[in-house]
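> Predicted structure and sequence below. I'll ask about it afterward.
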6 protein chains.
Amino acid sequence: MVEMVFPEQTSHYGSLYGGNALAAMGKAAFIAATRHCRKAVVMASSQRVDFDNQIQKGEVVELIPRVIKVGRSSMTVEVQLCAENLQSGERRPCGHGTFIMVAVDAQHRPTAVLPSAA
Amino acid sequence: MVEMVFPEQTSHYGSLYGGNALAAMGKAAFIAATRHCRKAVVMASSQRVDFDNQIQKGEVVELIPRVIKVGRSSMTVEVQLCAENLQSGERRPCGHGTFIMVAVDAQHRPTAVLPSAA
Amino acid sequence: MVEMVFPEQTSHYGSLYGGNALAAMGKAAFIAATRHCRKAVVMASSQRVDFDNQIQKGEVVELIPRVIKVGRSSMTVEVQLCAENLQSGERRPCGHGTFIMVAVDAQHRPTAVLPSAA
Amino acid sequence: MVEMVFPEQTSHYGSLYGGNALAAMGKAAFIAATRHCRKAVVMASSQRVDFDNQIQKGEVVELIPRVIKVGRSSMTVEVQLCAENLQSGERRPCGHGTFIMVAVDAQHRPTAVLPSAA
Amino acid sequence: MVEMVFPEQTSHYGSLYGGNALAAMGKAAFIAATRHCRKAVVMASSQRVDFDNQIQKGEVVELIPRVIKVGRSSMTVEVQLCAENLQSGERRPCGHGTFIMVAVDAQHRPTAVLPSAA
Amino acid sequence: MVEMVFPEQTSHYGSLYGGNALAAMGKAAFIAATRHCRKAVVMASSQRVDFDNQIQKGEVVELIPRVIKVGRSSMTVEVQLCAENLQSGERRPCGHGTFIMVAVDAQHRPTAVLPSAA
């Protein structure tokens, strides 16, 4: 997942606060968990998320989610946040965190995760 | 801080994933920390954030940030996320989390937090 | 209700025009009126709204709505718009206006406002 | 000026509140006043704005601004808000209001309006 | 159709890429085609779109769509993209393109275009 | 590049018109061309873009750009648009198009593309 940071989003990712970076990481965790179980999924919690570097204006943000643990109805998804300077090609890690996603049925109750083949 | 959840935002807060709830909580932490130290502030990390209840379409989201610990350059901000059904007036907790915010100088280096009078 | 003005919104609130400030004030009137009557509410009209000061980039906007008059099906809501400079803590009034909100039933016809206990 | 109301904006224009309709009307007033004087312009106040009809989902919103009075540094702009059902072609008035716009110099002080040739 | 380009949208229209200009042109084609046939309409393809000039920050974008050919179920809509500098009043063409829009029935199958009277 | 289509964006990608799909494809072309030449890039034109299938609500949109031809200062980028149903895992092509991107210098004049090592 690749996302560009245009001037108007700089404050969200950049020097002001990490709220939008959290949102993008949660979205990546959501897609990875749903692809794993092919069921409806909700976020139960985010574990510690660390921001190592600020993202700069004009950079591309890359989100790399990975399902690292699967319980009966929960999936633990680790998400790396990287920034790439489009002009220089330089890439550097900017943050990483872990999210607990839960598969739910039509009544929003936890349901079993059956691992997908993919 | 009060924020309304209109139909078009339901999927962000609602049944799909918690990414936008995280963003709103981070924004509340940012405002509380900046008001505490009256300096530029960045998010160093979010600690565990739990989502207890889903927010429904047409509800108002209330964010209640509180600075609970102050270090030399860091502030720990706890944020409660509540939902209020505008028609019934019923309110219920939906999530809570903790964010580590750091005061920075013009070169983005950590700087001392001096408690504000307010 | 507190809202931050990030760089990318400056033109909306700031030196260009007051359209988005009107939208934020109308939203505050909507929440205050709905909380008063706990019914569906529509805006029938906005009365005179004056903008005394421009809001600057990096400021927090605070909206303070107050139900000042209640008719059979209408509520008059006064909204103050204040700006707070997050770094200095200085606050100053930026605008104030009055909005007529009407309680409506499921067919969008005016219905009686029964004052809530809160 | 024509603007479409897509499903995700319905609540803004539609049954919930008039805040976004106010924003769109203020934007139309801003463009009309700037075209009149070809100077920087700010909104000093909005006069009474009435909403006669609700705008429905899937309708096109048309904004018709008209400079109706010119003072030394101020311009009074009347804005009509119409809705057009794209399928039936039916059009109906939905609101009208008046906005006072002021020409300003580089220091944001009122400056003389010199009527443009256009 | 008139649209303002505020600072926060500059990168979309401006020096970075033409993606948002394409979106605005497609929206204009959609409205023109729907007004022509008063039926549901989808975009089947965009033909060559050329961008002659960059749009600058603080300019108004004008979109001028014109239905130039009507087939059994398709409409060919040409869209001109112009920029107007609000301060100087200068206008210049910035792009033009052609879009094939198709009238569809409730099952999303192509249906006959019957020219509207308007 | 993966992008989710949430309920509130359905009308943009979905049954109404292809404008936002064009914008997303142009953004993918922009990133691919910039990564190829590591210089500033503008869109000179979009060639024919065909939409074969409608994207549905709740689907993930995948954009696959590929630089297929390099001239002195221009790059031709082909972009595939695919939709993936997150629940079933089914994927299907929804559109494809070609974009001409031009490397520019600081004065926005075309400049030579020197192929990157990557």
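Received it, and whenever you're ready, just let me know what you need. Residues are numbered from 1 along each chain as shown, chains lettered A, B, ... in the order given.
> Report all helices and strands that the lengthiest helix in chain A contacts.
Longest helix in chain A by number of residues, with DSSP state H as the criterion: helix A:19-37. In terms of contacts (3 or more C-beta pairs under 8 Å, 6 or more residues apart in numbering or on different chains; DSSP states H and E), helix A:19-37 is packed against helix A:10-13, strand A:40-51, strand A:59-70, strand A:74-85, strand A:91-104, helix B:19-37, strand F:2-4. In this view, the C-beta of every residue, glycine as well, is placed from N, C-alpha and C.
> Let me know which of those is tucked in deepest.
helix B:19-37 (a mean of 25; mean count of other C-beta atoms under 10 Å in any protein chain shown).
> In chain A, where is pLDDT below threshold?
Residue ranges of chain A with pLDDT under 70: A:1-17, A:57-58, A:115-118.
> Nearest spatial neighbour of the residue most central in space within chain A, chain-adjacent residues omitted?
The residue lying closest to the centre of chain A (C-alpha atoms, centre = their mean) is A:Met25, at 2.5 Å. The shortest distance from A:Met25 to any non-neighbouring residue, by C-beta to C-beta, 6 or more residues apart in numbering or on different chains, is to A:Val79 (4.5 Å).
> Verify the stated contact: the one you found with A:Cys94.
No. Taking C-beta atoms under 8 Å as the definition, A:Val79 is not a contact partner of A:Cys94, at 11.3 Å.
> Quick check: neighbours shared by the two?
Counting by C-beta atoms under 8 Å, 6 or more residues apart in numbering or on different chains, A:Val79 and A:Cys94 have no contacts in common.
> Next, the contact list for A:Val67, please.
A:Val67 neighbours (C-beta under 8 Å, 6+ apart): A:32-33, A:36, A:75-77.
> Against chain C, how distant is the residue lying closest to it once chain neighbours are set aside?
Take A:Val67 and drop its neighbours on the chain: the residue closest to it by C-beta to C-beta, 6+ apart is A:His36, 4.9 Å away. Noted for A:His36: a distance of 35 Å to chain C, by C-beta to the nearest C-beta, to the nearest Å.
> Hmm, A:His36 is touching A:Met75, no?
Yes. Judged on C-beta under 8 Å, A:His36 makes contact with A:Met75 at a distance of 5.7 Å.
> Overlap of the contact sets of the two?
A:67, A:113.
> Count residues in the vicinity of A:Asn53, would you?
Using other C-beta atoms under 10 Å in any protein chain shown, the number of residues around A:Asn53 comes to 12.
> Surely it and A:Pro93 touch.
Yes. With contact defined as C-beta under 8 Å, A:Asn53 reaches A:Pro93; the gap is 6.9 Å.
> which bits of chain A sit near chain B?
Counting by C-beta under 8 Å from any C-beta of the partner chain, chain A comes close to chain B at A:15-20, A:22-27, A:29-30, A:40-51, A:54, A:97, A:101, A:108.
> Next, work out how far apart A:His36 and A:Val113 are.
Using C-beta to C-beta, to the nearest Å, we find A:His36 at a distance of 7 Å from A:Val113.
> Find residues that contact each of these two.
With C-beta under 8 Å, 6+ apart as the test, A:His36 and A:Val113 both reach A:70, A:75.
> Could you give the bridge partners of A:Val79?
A:Pro65, A:Gly97 (DSSP bridges).
> cool, A:Pro93 as well?
Going by DSSP bridges, A:Pro93 is paired in beta bridges with A:Cys82.
> just checking, it touches A:Asp52?
Yes. Using C-beta under 8 Å, A:Pro93 is in contact with A:Asp52, at 5.9 Å.
> residues in contact with A:Thr34?
With contact taken as C-beta under 8 Å, 6+ apart, A:Thr34 is in contact with A:40-41, F:86-87.
> Next, count neighbours for the spatially closest residue to A:Met43 that is not a sequence neighbour.
Counting by C-beta to C-beta, 6+ apart, A:Met43 lies nearest to B:Gly18, which is 3.5 Å off, once chain neighbours are set aside. Residues near B:Gly18, counting by other C-beta under 10 Å, number 32.
> Could you do A:Ser88 as well?
With neighbours defined by other C-beta under 10 Å, the count for A:Ser88 comes to 8.
> Let me see the contact set for it.
Counted by C-beta under 8 Å, 6+ apart, A:Ser88 has contacts F:Arg38.
> tell me the phi and psi of it?
Main-chain dihedrals, A:Ser88, degrees, to the nearest 10: phi -90, psi -20.
> separation between it and A:Cys94?
16 Å.
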